[in-house]
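Visitor: with the sequence up front, the predicted model follows.
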Amino acid sequence: MHFHGTTVRKPIPSYQIYKGTVFQLADQAVDFVLSKVDRHIGMRTRSQQAPATYELPKEAVTDSAMDQIGLSEQERALVAMLKFVDDEKALIDLGRDLLGQLGYRVETRASTIDAVQAFKADPQKYDLVISDMTMPKMTGDELARQIKTIRPGIPIILCCGFSDRIHAPETEAIGLSAVLMKPVTYADLAHAVRQALDAHS
């Protein structure tokens with residue numbers, strides 16, 4: 001590959017193995033790419049304005065990496081129907097928008113009671129359920145138990161805060177696919193959903 005005067009052969013000899021969330025991996029990958037290429041784009045000299053030097057901004061490389069991650073997930077994500085349960089409208093809207101961008105069809109509920117009733121009405125409609133742990137009237141783990149009673153094989157993801165974390169024995173007893181600790185990142189949510197669906201496909 002040729003980047004503005006710098007030739008880079010594949011694979012790059014000083015490759016590295018990274019660990020962490022998808023966003024952490026992307027940040028590390030962007031830093032690695034920028035360390036191997038010439039970011040200089042050009043210089044403005046023929047102008048009445050003062051000369052200026054232009055270079056490839058890190059943000060542009062990061063956006064490109066994130067777009068590719070989202071696209072790769074989207075290509076594998078289509079047709080799944082998810083139920084997203086949270087009592088805060090802002091989080092409901094955010095969850096629906098983020099998962100919708102990955103190609104999933106999302107149905108939201110602000111009440112665990114309503115969520116269970118909707119699930120009872122058509123258990124086969126849904127491919128996966130995502131719920132907050134702290135919910136009024138019925139907690140997320142109780143929601144999971146009731147849904148598992150109706151359809152044992154449905155994958156369920158719980159989102160927990162530090163104070164209401166659920167321990168591994170209980171997670172296994174309920175049959176949860178994943179427990180995500182808040183604050184939940186977009187990448188972690190996308191990865192957990194993909195893994196849960198793949199495991200039950």
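Guide: Cool, got the structure. Numbers count the residues shown, from 1 in each chain.

Visitor: domain assignment for this protein?
Guide: The record's domain parsing of the chain by automatic domain parsing lists 2-73, 78-199.

Visitor: in terms of mean pLDDT, which of these ranks lowest?
Guide: Per-segment mean pLDDT for those reaches its minimum on domain 2-73, at a mean of 58.

Visitor: not counting sequence-adjacent ones, nearest residue to residue 91?
Guide: In space, and not counting its chain neighbours, residue 91 is closest to residue 132: 7.3 Å by C-beta to C-beta, 6 or more residues apart in numbering. Glycine gets a C-beta too; all of them are placed from N, C-alpha and C.

Visitor: that neighbour touches residue 84, doesn't it?
Guide: No - counting by C-beta atoms under 8 Å, residue 84 is not a contact partner of residue 132; they are 9.3 Å apart.

Visitor: now do the contacts for residue 155.
Guide: Contact partners of residue 155, counting by C-beta atoms under 8 Å, 6 or more residues apart in numbering, are 127-129, 177, 196-197, 199-200.

Visitor: ok, 10 Å please
Guide: 82, 126-130, 175-178, 192-193, 195-201 (C-beta atoms under 10 Å, 6 or more residues apart in numbering).

Visitor: any idea which element residue 131 lies in?
Guide: Using DSSP states H and E, residue 131 falls within strand 128-132.

Visitor: residues near residue 82, how many?
Guide: By the criterion of other C-beta atoms under 10 Å, residue 82 has 25 neighbours.

Visitor: report how many residues lie close to residue 121.
Guide: Using other C-beta under 10 Å, residue 121 has 8 other residues around it.

Visitor: got the end-to-end distance for stretch 120-130?
Guide: 16 Å (C-alpha to C-alpha, to the nearest Å).

Visitor: swap in stretch 102-118?
Guide: Terminal residues of stretch 102-118 lie 24 Å apart, using C-alpha to C-alpha.

Visitor: just stretch 128-141 next, same as before
Guide: End-to-end span of stretch 128-141 (C-alpha to C-alpha): 15 Å.

Visitor: need the residues touching each of residue 132 and residue 84.
Guide: 91-92, 95, 159.

Visitor: from those, which ones fall inside helices?
Guide: 91-92, 95 (DSSP state H).

Visitor: could you flag which of those are buried?
Guide: Buried by 16 or more other C-beta atoms under 10 Å: 91-92, 95, out of these.

Visitor: tell me the strands in this structure, going along the chain?
Guide: 2-3, 6-7, 40-44, 52-55, 81-85, 105-109, 128-132, 156-160, 178-181 (DSSP state E).

Visitor: mind putting the shared contacts of residue 132 and residue 84 in TSV, distance to residue 104 included?
Guide: Converted to TSV, the shared contacts of residue 132 and residue 84 look like this (distance: C-beta to C-beta, whole Å):
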residue	distance to residue 104
91	16
92	14
95	10
159	16
